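S.K.: need coordinates for the following:
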Amino acid sequence: MSEVEQPEIAERPDEYLRRSLRAMSGLLHFISFILLGGSIGFLPLLVIKFGQGLWPYLAFVGVLGVAALFWILARGLQDFRPWARIATLVISCIGVFAFPLGTVLFSPFFYVLIKGKHLFAKPAECANPSAPETERLAA
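M.R.: Got it, this is the predicted structure:
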């Protein structure tokens, strides 16, 4: 009788967390592009509705700032940067209170970011310090 082959994820238990982090990064990229497109599309409508005052432009710059923040966080999560993990946890804390959509979107972020804390460790802090950094960060 032949042995039943175990799935590849069983050989590398962190593979599930890595894939989840990359999916979260993709979601943050998507949100940032939606915010970017929405802010560019709604700027003329804000100017028409509220006049030529400063308020529409401040709102535009604020939404662009949030879009840039989400994009930077997404890039940091893809590269397993510790600062991106902490910042995403803070954003998730805020986002969870936006019931129901924020709770659905950001609750899984908590689980993956807390369970995957060791993925963000520096190479000297890894369980296997002899492993090269490229292997630790490889997709």
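S.K.: in the top helix by length along the chain, which residues are buried?
M.R.: Determined from DSSP state H, the single longest helix within the chain is helix 15-50. Neighbour-count burial for helix 15-50, counted by 16 or more other C-beta atoms under 10 Å, picks out 17-18, 20-21, 24-25, 27-29, 31-32, 35-36, 39, 43, 46. Where C-beta positions appear, they are placed from N, C-alpha and C, glycine not excepted.
S.K.: now stretch 69-79
M.R.: 70-74, 76-78.
S.K.: okay, those in a markdown table with pLDDT next?
M.R.: Shown next, in a markdown table, are those (pLDDT from 0 to 100):
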| residue | pLDDT |
| --- | --- |
| 70 | 93 |
| 71 | 95 |
| 72 | 95 |
| 73 | 93 |
| 74 | 94 |
| 76 | 94 |
| 77 | 91 |
| 78 | 91 |
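S.K.: residues in contact with stretch 51-60?
M.R.: 39, 43, 46-47, 50 (C-beta atoms under 8 Å, 6 or more residues apart in numbering).
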